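> no sequence on this one, just coordinates:
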């Protein structure tokens, strides 16, 4: 029995940290268009370790077609993951780095060069109190989180500093995940 079928059977069930699923080379999903297999995507609460998939926090296993699985749980503080986008508040400006409060346990750093078109001469206009829409490039438990306001090709794609008008509303993590 493949890991995909085992995971799909467990969707909606409560899993605990330490539960694990073993995966083998046959655990791929064929795509109808190209015929290339696509690997399983482990979302929040799940972690890959070699050929095993480990549960890292307790909660209900959820699935999104075609191949994404995650653990949905009640948690109060946001834990960042690489590649996720967030809205944060610039809280400090120190030299070449801005500190951004994104709602986690510590603040993230945002370099002034992490904006589209930014150079040493052409600095972005970012002030303390501004809202920024950014993406995590470094997010693990051993290092300070790091944000950028550009994608892999150097384009903003909507990320950056929000304008003066607007309203920020804080909501629960469960609502954000939905």
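Structure received. Keep in mind it's a predicted model, so treat the numbers as computed, not measured.
> what ranges does this structure have for its helices?
Secondary structure of the chain, counting by DSSP state H: helices at 3-10, 173-177.
> highest average neighbour count across these?
helix 3-10 (a mean of 15; mean count of other Cβ atoms under 10 Å). No exception for glycine: its C-beta is placed from N, CA and C like everyone else's.
> centre of the chain to that one, how far?
Offset of helix 3-10 from its chain centre (Cα atoms, centre = their mean, to the nearest Å): 24 Å.
> what's the mean pLDDT across that helix?
Averaging the model's pLDDT scores along helix 3-10 yields 80.
> just stretch 68-84 next, same as before
Rounded mean pLDDT across stretch 68-84 is 82.
> format the helices of the chain as a markdown table; extra columns: distance to residue 162.
Listed next are the helices of the chain as a markdown table, based on distance: least, Cβ to Cβ, whole Å:
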| stretch | distance to residue 162 |
| --- | --- |
| helix 3-10 | 38 |
| helix 173-177 | 17 |
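> of all the ones you listed, which lies closest to residue 97?
Nearest of those to residue 97, taken as Cβ to Cβ: helix 173-177 at 26.4 Å.
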